[in-house]
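Asks: missing the sequence, but the structure's below:
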């Protein structure tokens, strides 16, 4: 069976096709540049995103399509599903600029922060009432891609939960004036694009962790544009971290907001002790693990600096620079199809 895998990241949209054990090459196209980048806003024309996705899917002509997407982004649409906003990226901080603080319960799988979509929607309600008044439906980036391909506003819970609108423990939805995406808890199709089954889009973090080969004995330090430290835990658990949904009903315990590529550009050898302390404090917040796995593109760019940081953490570590969401998507597809 010929399958297409698409990872919609913040820098590139990566894709690969497989009809057997290996990818038939990995292609990259740039994620569209922001149409608005300033005054705490980061917006991208969604039509430009869809153009790239459609080109990839049309060219591949596969029987199944698996998608992972950047999380914590969203757009609003009217009752006819016509967008009333651009795609509002996870890099948007309008809620923080407005001083919005919402009480977000642990079972939401996320926490109150400047880029939380639920808080961003509240910022739009307060500052752009004419836009909010036209809005009827909320889409994550994943669910909007699914809608564009299949006509269904649906996405996997690993993507949906990043919005702040879902109780992942009870599998319920918090009250919202807008129509929300259908949250899919299993890996299954949400519709068809021509002859291809399109599977519910999944969160890129969870797919990357799976693709890296992480288990419940391992911390994963992912160093992309920003940094995250996480670990897999069996079942639903909560603590001083975000209890993000993972595959098979498990939890991806996650500490966010750590130094990644964006900040590491400004760091030198003198910053090694403070960076090590930052990552060590994050590990102390998570369930205790035996080893550390380092992933993400920022490692290669800052290898010398990070080697000094990692040596200070006093835990056995390995680096997997090749791990990415495409590998996780492929593993999901192969496991599902036996």
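Replies: In hand now; what should we look at? Computed from a prediction, not measured in an experiment: that's the story for all the values here. Residues are numbered from 1 along each chain as shown.

Asks: double-check that residue 282 belongs to a helix.
Replies: Yes. Residue state for residue 282 (DSSP: H, G, I helix; E, B strand; the rest coil) corresponds to a helix.

Asks: separation between the most centrally placed residue in the chain and residue 23?
Replies: By Cα atoms, centre = their mean, the mean C-alpha position of the chain lies nearest to residue 71, the distance being 3.2 Å. Distance of residue 71 to residue 23, given as Cβ to Cβ, to the nearest Å: 23 Å. Glycine gets a C-beta too; all of them are placed from N, C-alpha and C.

Asks: next: residue 131.
Replies: 41 Å.

Asks: those two - which one has more neighbours?
Replies: Comparing residue 131 with residue 23 by other Cβ atoms under 10 Å, the one with more neighbours is residue 23, at 17 against 13.

Asks: so what's that one up against?
Replies: Contacts for residue 23 (Cβ atoms under 8 Å, 6 or more residues apart in numbering) come out as 5, 16-17, 326, 330.

Asks: for it, give me phi and psi.
Replies: Dihedral angles of residue 23 (phi, psi; degrees, to the nearest 10) stand at phi -70, psi 140.

Asks: partner residues bridging it?
Replies: residue 18 (DSSP bridges).

Asks: measure it to residue 7 for me?
Replies: On the measure of Cβ to Cβ, residue 23 and residue 7 end up 12 Å apart.

Asks: and what of residue 13?
Replies: From residue 13 to residue 7 the distance is 7 Å (Cβ to Cβ).

Asks: quick one: which of these two has more around it?
Replies: Set residue 13 next to residue 7 and count neighbours by other Cβ under 10 Å: residue 7 wins out with 27 against 22.

Asks: nearest residue to that one in space, please, no chain neighbours.
Replies: Leaving aside its chain neighbours, residue 7 sits nearest to residue 325 (4.1 Å; criterion: Cβ to Cβ, 6 or more residues apart in numbering).

Asks: do residue 125 as well
Replies: Per Cβ to Cβ, 6+ apart, closest to residue 125 is residue 132, 4.4 Å.

Asks: how about residue 122?
Replies: residue 100 (5.4 Å).

Asks: how many residues are close by the one you found?
Replies: Counted with other Cβ under 10 Å, residue 100 comes out at 19.

Asks: likewise for residue 201?
Replies: Using other Cβ under 10 Å: residue 201 sits among 31 other residues.

Asks: hang on, residue 24 packs against residue 4?
Replies: No. Assessed by Cβ atoms under 8 Å, residue 24 is found out of contact with residue 4, at 10.2 Å.

Asks: which residues are in contact with both of these two?
Replies: 16-17.

Asks: now do the contacts for the residue nearest to residue 7.
Replies: Contacts of residue 325 (Cβ under 8 Å, 6+ apart): 7, 9, 14, 68, 204, 207-208, 211.

Asks: hmm, try it at 6 Å
Replies: Residue 325 makes contact with 7, 68, 204, 207-208, according to Cβ atoms under 6 Å, 6 or more residues apart in numbering.

Asks: just the helices from the stretch 151-300 of the chain, written as ranges.
Replies: 157-160, 204-212, 261-264, 272-285, 298-301 (DSSP state H, counting those that start in this stretch).

Asks: can you redo these as a markdown table with distance to residue 318?
Replies: Output for the helices of the stretch 151-300 of the chain, formatted as a markdown table (distance: least, Cβ to Cβ, whole Å):
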| stretch | distance to residue 318 |
| --- | --- |
| helix 157-160 | 24 |
| helix 204-212 | 10 |
| helix 261-264 | 20 |
| helix 272-285 | 15 |
| helix 298-301 | 11 |
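
Asks: okay if I get those as TSV plus mean pLDDT and distance to residue 136?
Replies: TSV is the format used below for those (pLDDT from 0 to 100; distance: least, Cβ to Cβ, whole Å):
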stretch	mean pLDDT	distance to residue 136
helix 157-160	97	18
helix 204-212	93	27
helix 261-264	89	35
helix 272-285	97	39
helix 298-301	88	39
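
Asks: looking at these, which is nearest to residue 177?
Replies: helix 157-160 (17.3 Å; Cβ to Cβ).
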